[in-house]
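Q: here is the input, now give the coordinates:
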Amino acid sequence: MESEFDKERIINHWIESSEKDFKAMIDLHQTQNNNWALFMGHLVIEKLLKAAYLKSKGEFPPMIHDLRRICEKADIEMDLSHQILLDSISRFNINARYDDYKQSFYKLCTDSFTAEWIDKIKDCRLWIKAKL
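A: Predicted coordinates for the structure are as follows:
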């Protein structure tokens, strides 16, 4: 396992990378690239959860993208509303999805839908950061 110094460096890397993705999410929404904005929102949360996992467990996080599973494996307590929120945000990880799923997702990503979810992602981000 990495030394304590390296562990902190890696945790900080996850957090800093999440911050860059957060800015990209906002920029993508401002240019109406809504599906990509929400995809970046998923990455914002995933990276913070992986930082929390490393901090909690002292080992590298699992290579999965299911946000609730990462949270569970990091032993972060969640109420039902957080479970539902993380499951919903996980749907925005569309990279490996089939084309028909992607097409229905693109249609869903109106400006108002995206703005609503960005607000939820912002709240979720603060909730996780408070655990770091």
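
Q: drop to CA atoms for contacts and neighbour counts, all remaining ones
A: Noted.

Q: lowest average confidence, helix or strand, in the protein?
A: helix 99-108 (a mean of 86; mean pLDDT, DSSP states H and E).

Q: where's the spatially most central residue of the chain, which helix or strand?
A: The residue lying closest to the centre of the chain (Cα atoms, centre = their mean) is residue 45, at 2.0 Å. For residue 45, the host element (DSSP states H and E) is helix 34-57.

Q: what packs against that helix?
A: When contacts are defined as 3 or more Cα pairs under 8 Å, 6 or more residues apart in numbering; DSSP states H and E, helix 34-57 packs onto helix 4-30, helix 67-73, helix 80-90, helix 99-108, helix 111-129.

Q: could you tell me the least trusted of those?
A: Lowest mean pLDDT of these: helix 99-108, a mean of 86.

Q: now the angle between helix 111-129 and that one, please.
A: 100 degrees (axes from the mean of the first three to the mean of the last three Cα atoms, to 10 degrees).

Q: burial count for residue 57?
A: If you count neighbours by other Cα atoms under 10 Å, residue 57 ends up with 13.

Q: so it touches residue 76, yeah?
A: No - using Cα atoms under 8 Å, residue 57 is not in contact with residue 76, being 10.9 Å away.

Q: average model confidence for the helix holding residue 45?
A: The pLDDT scores in helix 34-57 average 97.

Q: what angle do that helix and helix 99-108 make?
A: Using the same axes, to 10 degrees, helix 34-57 lies at 100 degrees relative to helix 99-108.

Q: which residues touch residue 83?
A: residue 68 (Cα atoms under 8 Å, 6 or more residues apart in numbering).

Q: could you do the one 10 residues further on as well?
A: Taking Cα under 8 Å, 6+ apart as the definition of contact, the neighbours of residue 93 are 39, 42-43, 65.

Q: if I look at it, how far off is residue 12?
A: 23 Å (Cα to Cα, to the nearest Å).

Q: ditto for residue 129
A: Applying Cα to Cα to residue 129 and residue 12 gives a distance of 12 Å.

Q: I'm done for today, thanks for sticking with me.
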